[in-house]
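In: Sequence and predicted model, in that order:
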Amino acid sequence: MIRVEEVSLRGLQFHTRVGILPHEREYPQLLVVDVTVWRVPAAPGRDVLDYRRLHAVVAAHVAHGRVEYLETAAHAIADVVIGEAGVRRVRVVLRKPQVALPDPLAAAEVAVDVTNDE
């Protein structure tokens, strides 16, 4: 039997400069991040994934400096998380609620899904 755990952090919120337009480069905006990890623990119930570690990885890529493209940040986060012990798959979603478009929308969203084939 193989036990797979699904661990998610949903709705992490950061205010950062995100985008390529002049006003996006100057003024921080809300960026919402979801991270879901599928992992096979070495010892079920004892080998756990530290939520603080996931948060730190996300924060390192979006909270400081500037995010030009959601895709770039999502891939960078996924590439780090997939290397964590026991992680078989990771899904990273970045959502930008304030988008400069002529019509209303809830958010622009990018999702990246990476699988470790080991």
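Out: Received, thanks.
In: Angles on the backbone of P102, please.
Out: phi -70, psi -20 (degrees, to the nearest 10).
In: what pairs with the spatially most central residue of the chain across the strands?
Out: Centroid-nearest residue in the chain: V92, 4.0 Å away (criterion: Cα atoms, centre = their mean). For V92, the beta-bridge partners are V35, V112 (DSSP bridges).
In: show me what contacts it?
Out: 33-35, 74-75, 77-78, 81, 111-112 (Cβ atoms under 8 Å, 6 or more residues apart in numbering). Any C-beta I mention is one placed from the backbone N, CA and C, and that applies to glycine too.
In: Going by distance to V7, which of those residues wins?
Out: Nearest to V7 among these: V35, at 8.6 Å, using Cβ to Cβ.
In: Low-confidence ranges, this protein, go.
Out: The model of the chain has pLDDT under 70 over residues 118.
In: where exactly do the strands run in it?
Out: 5-18, 29-39, 66-67, 87-96, 108-115 (DSSP state E).
In: Show me the one of the ones you listed that comes nearest G45.
Out: Of the strands of the chain, nearest to G45 by Cβ to Cβ is strand 5-18, at 9.8 Å.
In: Can you point out the buried residues in that closest one?
Out: Across strand 5-18, burial judged by 16 or more other Cβ atoms under 10 Å covers 5, 7, 12, 14, 16-18.
In: Given that strand, what are its sheet partners and their directions?
Out: As assigned by DSSP bridges, strand 5-18 forms pairs with strand 29-39 (antiparallel), strand 66-67 (parallel).
In: Just send the ones you listed back as TSV, with distance to R53 too.
Out: Below are the strands paired with strand 5-18 laid out as TSV (distance: least, Cβ to Cβ, whole Å):
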stretch	distance to R53
strand 29-39	10
strand 66-67	21
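In: would CSV of those with distance to Y51 and mean neighbour count be doable?
Out: As requested, the strands paired with strand 5-18 are arranged in CSV below (distance: least, Cβ to Cβ, whole Å; neighbours: other Cβ atoms under 10 Å):
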stretch, distance to Y51, mean neighbour count
strand 29-39, 10, 20
strand 66-67, 22, 20
